[in-house]
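Participant: predicted model follows, preceded by the sequence.
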Amino acid sequence: MNVAVVMGGYSDESVISIRSGQLILTNLDKSKYTPFEVHILPEGWNVLIDGNKYPVNKGDFSFEKEGKKTTFDVAVNTIHGTPGEDGHMQSYWELLELPYTGCGFYQSALTFNKRDTLSVLSKFNIPKAKSIYISKGDVISAQQVADTVGLPFMVKPNQSGSSLGVSKVNDLADFEKALEFAFAEDSDILIEEYLKGTEVSVGVLNLNGKTTVLGLTEIVSHNDFFDYEAKYQGKSDEITPARLDAATEQKVRETAAKAYEALGMSGFSRTDFIVRDGEPHFIEMNTNPGLSPASIFPQQAQHAGIPFSDLLDSEIKLAMERKVLWKK
C-alpha cells in the first residue's frame, strides 16, 4: 500500500507536526506499506524523496516523479492545527474518496472549536470550568470576568493548539495584555476559571474497533501553567502513569472514554483534564496529538506495551473500513 504520511500545516504548530510525521515514517511496517513523506505547508504541497520536492497535484492528491504518476491508498494525517485538525483536509480527502486516519471532518472541526466542544459535552454531564466566550470587538471589563469566573482565570484562543496564545491572569491589570495575546491567534476567545488541581492528559483511541484508554499522564509544569515552553522546551515533568488513587484513575478513564464516544470520535486523541477534589474536569481534546518521541501519546503506548506500529496498523485498517462504508 502506498501511504501518504501527511504533516506540516499552516499554523505555528507545523514544526511539531513534522516531528510527529518522522515518528510515523519510522514506525510504519515497511513489509506492508510504502510510506511517502508529504508536507502541507503555506509555501506548497510537496512529497519529499531523498531531499527532492515533488509537487502534489491537488486535483487527485497524487505526484509525478520522472514522468511516473504515483497515487496513494491511504493518508495518515498528522497535521497539527489548520488545515489537518479542523476538518479541511478530511473534507477534501473524502471528496476524493481517499481513506484517511483519525476522526471524520465533522468531529475534527467540532473538537478544534473549544466553545462548541464544551457545548456538546455539557449535554453528557461531563464537568468543566465556568467560562465566558467573547469575540474581537466585544467590550468586557476585567472585573466583569473576575465576578463571573473568579480570579485567577485563563484566557485562550477558541481555535488554537499547543497552548499558543494562552495566558493565566493573576492580576486584573494583565487582562488587556492577555486579550491581545489570544486575539493574535484567533478572533474568538474563551475565558475560563482557573482550576487548581492535578493536570492529567489521557490518550484514547479506537483500537481495532474498540474505544481504548491508552494511558494517563500527569503533567507537572515548572511554569505557572502547561504553556508552550512547558510542553516543548522541557519545562515540565510528564509522569506516566499519573499518580492518582485507584478510584480517581477509574473515574478519569471512564470520563475520557465517555467524552470520546459522546463526540463520535475515532483515531488517536489526547484529552486534557484537571482533577479537582477527585472530579475530572474536561479542558480540551486534541484529535492529532503530538507524536514526536518525547510526546505524551507515544510515552503512553510504550508504557502500555503496545508497539507503535500496531497502533498505526489499526488506524490504517479503520481508514480502509471507512472507505467501504462510503461506497455503501
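Facilitator: Good, I have the coordinates.
Participant: ok, longest helix in the protein?
Facilitator: In the chain, assigned by DSSP state H, the helix with the most residues is helix 308-327.
Participant: same for that one, what does it pack against?
Facilitator: For helix 308-327, the packing partners by 3 or more Cβ pairs under 8 Å, 6 or more residues apart in numbering; DSSP states H and E come out as helix 14-27, strand 74-77, strand 198-207, helix 296-304. For every residue, glycine as well, the C-beta is placed using N, CA and C.
Participant: quick one: residues in contact with whichever strand or helix holds residue 89.
Facilitator: Element membership of residue 89 [criterion: DSSP states H and E] is helix 88-96. Outside of helix 88-96, the residues within contact range by Cβ atoms under 8 Å, 6 or more residues apart in numbering are 6, 40, 60-61, 75, 77, 79, 82-84, 99-100, 102-105, 108, 326.
Participant: which of those residues fall within strands?
Facilitator: Residues of the contacts of helix 88-96 located in strands (DSSP state E): 6, 40, 75, 77.
Participant: and which of these is nearest residue 184?
Facilitator: Nearest to residue 184 among the ones in strands among the contacts of helix 88-96: residue 40, at 22.8 Å, using Cβ to Cβ.
Participant: give me the most central residue, this structure.
Facilitator: Central residue of the chain (Cα atoms, centre = their mean): residue 286, 2.5 Å from the mean position.
Participant: for residue 69, which non-adjacent residue is spatially closest?
Facilitator: Nearest-residue entry for residue 69: residue 62, 5.6 Å, with adjacent residues in sequence omitted and distances by Cβ to Cβ, 6 or more residues apart in numbering.
Participant: am I right that that neighbour is in contact with residue 73?
Facilitator: No - assessed by Cβ atoms under 8 Å, residue 62 is found out of contact with residue 73, at 11.6 Å.
Participant: relative to the whole chain's centre, how far out is whichever strand or helix holds residue 69?
Facilitator: Applying DSSP H and E as the criterion places residue 69 in strand 68-70. Offset of strand 68-70 from its chain centre (Cα atoms, centre = their mean, to the nearest Å): 32 Å.
Participant: over to stretch 165-184?
Facilitator: So, by Cα atoms, centre = their mean, the centroid of stretch 165-184 is 23 Å from its chain's centroid.
Participant: kindly report the same for stretch 27-41.
Facilitator: The answer for stretch 27-41 is 20 Å, by Cα atoms, centre = their mean.
Participant: how long is that stretch end to end?
Facilitator: Taking Cα to Cα, to the nearest Å, stretch 27-41 runs 23 Å from one end to the other.
Participant: all the helices of the stretch 51-200 of the chain, residue numbers only.
Facilitator: Assigned by DSSP state H, counting those that start in this stretch, the stretch 51-200 of the chain shows helices spanning 88-96, 105-112, 114-121, 142-149, 175-183.
Participant: so which of those helices is the most packed in?
Facilitator: helix 105-112 (a mean of 21; mean count of other Cβ atoms under 10 Å).
Participant: run through the bridge partners of residue 213.
Facilitator: Counting by DSSP bridges, residue 213 forms beta bridges with residue 204.
Participant: surely residue 315 meets residue 269?
Facilitator: No - look at residue 315 against residue 269 with Cβ under 8 Å: they stay out of range, at 11.8 Å.
Participant: common neighbours of those two, please.
Facilitator: Counting by Cβ under 8 Å, 6+ apart, the residues touching both residue 315 and residue 269 are residue 205.
Participant: who's more crowded, the two?
Facilitator: residue 269 (26 against 23; other Cβ atoms under 10 Å).
Participant: and the closest residue in space to residue 166 that isn't next to it in sequence, how far is that from residue 300?
Facilitator: Of all residues beyond its chain neighbours, the one nearest residue 166 is residue 156 (4.4 Å), with distances taken as Cβ to Cβ, 6+ apart. Distance of residue 156 to residue 300, given as Cβ to Cβ, to the nearest Å: 24 Å.
Participant: how about the contacts made by residue 47?
Facilitator: For residue 47, the contacting residues are 4, 36-39, 53-56, 63, 65, 70, by Cβ under 8 Å, 6+ apart.
Participant: the same query, at a cut-off of 10 Å, please.
Facilitator: By Cβ atoms under 10 Å, 6 or more residues apart in numbering, the contact list for residue 47 reads 4, 36-39, 53-56, 62-65, 70, 72.
Participant: and the residues you listed, which are buried?
Facilitator: When these are checked for burial by 16 or more other Cβ atoms under 10 Å, the buried set is 4, 36-39, 54, 56, 62-63, 72.
Participant: okay, now the domains of this protein?
Facilitator: 2-102, 110-126+196-319, 131-193 (automatic domain parsing).
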